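Novice: I'd like to go over a predicted model; first the sequence, then the structure.
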Amino acid sequence: MNACIVSAGDVVKMIHHENTVLVDARGGADAYERYKKAHIEGALFVNLETELSEKSANAAEGGRHPLPSVEMFGNLLKDLGITSASRVIVYDDKQGANAAARFWWMLKSVGHKDVMVLDGGLTAAIRDGLPITEKPTVRKPAHEDYPVKNWLSQVVTMDEVAKASQNPEQVVIDVREGYRYRGEGEPFDLIAGHIPGAVNIPYVDNLDPEGNFHSAGHLRQFYLQRITNHKPENVIVHCGSGVTACHTLLALEQAGITGAKLYVGSWSEWSRNEKPIATGDQ
């Protein structure tokens, strides 16, 4: 199993290799301003809102962060200078829970082999002495197109999630914070609650008190206990808008549990389509 989470100490040894591409992926309206205030020297900025998603005016169709077309993503990879031979290291300023994990998942989903997320994100980079700068890095496009044809990783539709949530052979994981799952509050979407039948395993359970991922062994034991005898390909993961769910997909991959599917539309789509809604702990 190839590790998909890398420590800041190991990044120091990799960032000057000619095939390494360092990516700072962030979300939010002020993402680029945060990048300009502090980022790892040489890191290329990627915007979750405009480059890792292709939004429509109607969030009921695909949610708040629908995937861009695979052609659009291929063009982004070329623009970043990423080729099939590149080693890509991606981070964000949210311990990988935001755009870094999404970018990792998208790269894996077009068949890229060598991509890792920096454990602890920008906080770890600063703590462990990686060079930090305010100067933006200029993109240098690759000389050839990145060879992408379609998304290879499994994604599921809203109707497939509805069926899976009622199927005892499948499990739907909601990675949002417990208060959102229980319907006690909803900071982003119109209605609070959760998909009936979904189980709540908050993404923060992937992290230790310092904000780093638990070890692969810990993650494996943790998730095997929670998905019990379900096959990984019968596991569906979602969050609010299909971004943070990738953090748990990353944790599962690191644990050697491969094949789980992403519901990209997530709660932001489900809650806008008059689907059944549950509250409380079940």
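Specialist: Sure, I can see it.
Novice: all strands for the chain, in order.
Specialist: 5-6, 20-26, 39-40, 44-47, 87-91, 115-118, 132-133, 171-174, 199-200, 235-238, 261-262 (DSSP state E).
Novice: Would you mind saying which of the ones you listed lies nearest Leu76?
Specialist: strand 44-47 (7.3 Å; Cβ to Cβ). Where you see a C-beta, it was placed from the backbone N, CA and C, and this is true even at glycine.
Novice: So what are the sheet partners of the closest one and their directions?
Specialist: Taking DSSP bridges as the criterion, strand 44-47 sits next to strand 20-26 (parallel) in its sheet.
Novice: Flag every buried residue along the partner strand.
Specialist: Thr20, Val21, Leu22, Val23, Asp24, Ala25, Arg26 (16 or more other Cβ atoms under 10 Å).
Novice: I'd like the residues you listed written out as TSV, with pLDDT and distance to Asp114 added.
Specialist: As requested, those are exported to TSV (pLDDT from 0 to 100; distance: Cβ to Cβ, whole Å):
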residue	pLDDT	distance to Asp114
Thr20	97	9
Val21	98	10
Leu22	98	13
Val23	98	13
Asp24	98	18
Ala25	98	17
Arg26	97	22
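Novice: ok, those residues vs Pro131, which is closest?
Specialist: When those are compared for distance to Pro131 (Cβ to Cβ), Leu22 wins out at 10.8 Å.
Novice: what pairs with that closest one across the strands?
Specialist: Going by DSSP bridges, Leu22 forms beta bridges with Ile89.
Novice: So it sits against Ala43, correct?
Specialist: Yes. The criterion here is Cβ atoms under 8 Å, and Leu22 meets it with Ala43 at 4.4 Å.
Novice: quick one, which of the strands of the chain is nearest to Ala101?
Specialist: Of the strands of the chain, the one closest to Ala101 (Cβ to Cβ) turns out to be strand 115-118, at 6.2 Å.
Novice: from the middle of its chain, how far away would that closest one be?
Specialist: 11 Å (Cα atoms, centre = their mean, to the nearest Å).
Novice: what residues does that strand touch?
Specialist: The contact list for strand 115-118, computed with Cβ atoms under 8 Å, 6 or more residues apart in numbering, reads 3-8, 11, 87-91, 96, 100-101, 104, 107-108, 124-125, 250.
Novice: Give me the residues contacting the helix or strand of the chain with the lowest mean pLDDT.
Specialist: Every helix and strand in the chain was compared by mean pLDDT, DSSP states H and E; the lowest is helix 8-14, with a mean of 94. Applying Cβ under 8 Å, 6+ apart, the contact partners of helix 8-14 are 6, 20, 87, 89, 118-120, 124-125, 127-130.
Novice: Got a quick ChimeraX command for the buried subset of the residues you listed?
Specialist: Typed into ChimeraX, the next command selects the buried ones out of these (criterion: 16+ other Cβ under 10 Å):
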select :6,20,87,89,118,119,120,124,125,130
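Novice: Out of the contacts of helix 8-14, the closest to His230 would be?
Specialist: Nearest member of the contacts of helix 8-14 to His230, counting by Cβ to Cβ, is Asp119, at 27.1 Å.
Novice: where does that closest one sit relative to Lys149, distance-wise?
Specialist: Per Cβ to Cβ, to the nearest Å, Asp119 is found 31 Å from Lys149.
Novice: With Arg127 instead?
Specialist: For Arg127, the distance to Lys149 (Cβ to Cβ) stands at 40 Å.
Novice: and what of Asp93?
Specialist: When distance is defined by Cβ to Cβ, Asp93 is 32 Å away from Lys149.
Novice: Those two: which is more packed in?
Specialist: Asp93 (25 against 10; other Cβ atoms under 10 Å).
Novice: pLDDT score for the residue nearest to the more buried one when sequence neighbours are not counted?
Specialist: Among residues not flanking Asp93 along the chain, Leu122 sits closest, at 4.4 Å (Cβ to Cβ, 6 or more residues apart in numbering). Listed pLDDT for Leu122 reads 97.
Novice: Is Leu122 in contact with Lys37, as I believe?
Specialist: No. Taking contacts as Cβ under 8 Å, Leu122 lies outside contact range of Lys37: 10.3 Å.
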